[in-house]
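Undergrad: Let's see this in three dimensions:
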Amino acid sequence: MWLDRVAEGGDPLVPRAGLPGPVEVDVAVVGAGYTGLWTAYYLRRADPGVRVAVLEAEVAGFGASGRNGGWCSAFLPMDRERLARRAGRGAVIALQREMFDTVDEVGRVAEREGIDCRYVKGGTLQVATSPVQLARLEAGVGRARPWGVGEDDQWLLGRAEAERRVRAAGVVGAAFTPHCAAVDPARLARGLAEVVERLGVPVYEATRVTRIRPGRVETDRGLVRAEVVVRATEGWTPTLPGSRREVIPLYSLMLATEPLPAEVWEEIGWDGGETLLSGTHLAMYAQRTRDGRIACGRRGAPYHLGSRVRAGYDRDDRVHARLEAVLGELLPQAAGAGVSHRWGGPIGIARDWTASVGLDRATGLAWAGGYVGDGVALANLAGRTLADLIAGRDSPLTRLPWVQHRSRPWEPEPLRWLGVNAGLRLAASIDAAEGRRGRPARLRGRLLGRLLGD
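TA: Below is the predicted model:
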């Protein structure tokens, strides 16, 4: 939907010129999604003389950056206790506080550079529709308190206040954080690519990278030599030789309704710009778009053997039908609304579910990713951090605990196929059991935690 709307606005999505042949630069960035484009942006803003080139197999914003839920959020997809054991509690708190500011940084840059990404900072509302879900939200807010999430950063809402914001069916309470902005993700990615080009960075599209090595990037259009090579490929990382077990590409699927009538929106409410999250394990995430649609998504699509990434996996009739049903259950006012778009794509997940960013100075190979679907803001922080690492600056960003973190590789097949899909089925079964019985499925919950590496 996002890319369709960009095209309707006059962006033809025709690939830019590909790599003209062998070139030499200071920094080669593989991937024209948020991570790669933010890295190029901050490198050139800090040093207009640094030679940077961005290489992209499709078009800027083709991957998760152009097809996500449009949440620029401060959520941290990582194990805080594990990071604290390595770097200390204070460092993890600093990371969380930096993420709060990152949400604002994206808005600041969009305004400064004239990127019309429809940025609206309305926060996130996670609704509970059962006592079990509400208890889980309460526990989550309590667990976050020692990690830099104060009473002004996240708090609980009673039923009346939650319904005042969004009249979801059966809501008994909610958790709210102001640290999230809704954006049009394709407009952000495409606009950022234009800004990077204005700064003098070529974005070579329709240029498929076949291998990354120290000092060189091999493509189907020629060799790129570079002192530093940045891997910014997220869910497509397993397609690169030698990287198949770095992350798994787990598919998240979305749909968008047709614009809803004004009288339906009067019944729903939801006019504060909040992004919306359900309280289930396989949570539904959603936003109200500027033209009156609901764009929502949910996990649940199967992981594909061998970490395969294929266009055909972007749609799954069974998963999309279930997503449509979940939307109708949570917001019955929208049940039966026409669906204009169904799509999906892979997100990158590291074995310990911990995002990371780093640079190996011995080889010149840099990376960022493993965002677990929370990459809109994290990619901005990653780009700023990579710019400092590459320039050799010792900054507060380079001392954050996710920097230089290395996740262990995923298990070989078919173990990871069995484990990941078992985890998805287990999460769905927990939601179903809690809905039937009205109490937590503790045994299955502990098993799910073990599968996720908790």
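
Undergrad: Ser340: what secondary structure?
TA: Three-state assignment for Ser340 (DSSP: H, G, I helix; E, B strand; the rest coil): strand.

Undergrad: how long is stretch 8-17 from one end to the other?
TA: Stretch 8-17 has its terminal residues 22 Å apart, counting by C-alpha to C-alpha, to the nearest Å.

Undergrad: So which bits of that stretch are buried?
TA: Asp11, Leu13, Pro15, Arg16 (16 or more other C-beta atoms under 10 Å). Using the backbone N, CA and C atoms, a C-beta is placed for each residue, glycine as well.

Undergrad: How far does it sit from its chain's centre?
TA: From the chain centre to the centre of stretch 8-17 is a distance of 23 Å (C-alpha atoms, centre = their mean, to the nearest Å).

Undergrad: can you give me the strands in the stretch 301-450 of the chain?
TA: 339-349, 356-360, 365-369 (DSSP state E, counting those that start in this stretch).

Undergrad: Distance to Pro302, mean neighbour count and mean pLDDT for these - can I get that in JSON lines?
TA: Shown next, in JSON lines, are those (distance: least, C-beta to C-beta, whole Å; neighbours: other C-beta atoms under 10 Å; pLDDT from 0 to 100):
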{"stretch": "strand 339-349", "distance to Pro302": "12", "mean neighbour count": "21", "mean pLDDT": "97"}
{"stretch": "strand 356-360", "distance to Pro302": "26", "mean neighbour count": "21", "mean pLDDT": "98"}
{"stretch": "strand 365-369", "distance to Pro302": "22", "mean neighbour count": "25", "mean pLDDT": "98"}
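
Undergrad: out of those, which comes closest to Arg399?
TA: strand 356-360 (12.2 Å; C-beta to C-beta).

Undergrad: what helices or strands is the closest one leaning on?
TA: The helices and strands touching strand 356-360, judged by 3 or more C-beta pairs under 8 Å, 6 or more residues apart in numbering; DSSP states H and E, are strand 365-369, helix 375-391.

Undergrad: Among these, which comes closest to Glu274?
TA: Glu274 lies closest to helix 375-391 among the helices and strands packed on strand 356-360, at 15.7 Å (C-beta to C-beta).

Undergrad: Between strand 365-369 and the closest one, find me the angle.
TA: Interaxial angle, helix 375-391 versus strand 365-369 (axes from the mean of the first three to the mean of the last three C-alpha atoms, to 10 degrees): 160 degrees.

Undergrad: which other helices and strands contact helix 375-391?
TA: With contacts taken as 3+ C-beta pairs under 8 Å, 6+ apart, helix 375-391 sits against helix 34-46, helix 64-67, strand 71-73, helix 89-113, strand 222-231, strand 356-360, strand 365-369.

Undergrad: which ones are touching Pro15?
TA: By C-beta atoms under 8 Å, 6 or more residues apart in numbering, the residues touching Pro15 are Glu58, Val59, Glu205, Ala206.

Undergrad: quick one, domains of the chain?
TA: Taking automatic domain parsing as the reference, the chain has its domains at 2-113+184-247+352-391, 124-181+249-349, 411-454.

Undergrad: tell me the most buried of the ones you listed?
TA: Highest mean neighbour count among the domains of the chain (mean count of other C-beta atoms under 10 Å): domain 2-113+184-247+352-391, with a mean of 21.

Undergrad: end to end, how far does it reach?
TA: Using C-alpha to C-alpha, one end of domain 2-113+184-247+352-391 lies 34 Å from the other.

Undergrad: now stretch 205-223
TA: End-to-end for stretch 205-223, by C-alpha to C-alpha: 15 Å.

Undergrad: again, but for stretch 143-157
TA: Stretch 143-157 has an end-to-end distance of 17 Å (criterion: C-alpha to C-alpha).

Undergrad: Off-centre distance for it?
TA: Offset of stretch 143-157 from its chain centre (C-alpha atoms, centre = their mean): 22 Å.

Undergrad: can you give me the helices in this protein?
TA: Ranges of helices within the chain are 2-8, 34-46, 64-67, 80-87, 89-113, 131-144, 159-165, 185-198, 262-268, 317-330, 375-391, 415-437, 442-451, based on DSSP state H.

Undergrad: These: which one's closest to Tyr303?
TA: Here helix 415-437 is closest among the helices of the chain (C-beta to C-beta), at 4.1 Å.

Undergrad: Just the mean pLDDT for the closest one, thanks.
TA: The average pLDDT for helix 415-437 rounds to 80.

Undergrad: which other helices and strands contact it?
TA: Using 3+ C-beta pairs under 8 Å, 6+ apart as the test, helix 415-437 ends up in contact with strand 248-257, helix 442-451.
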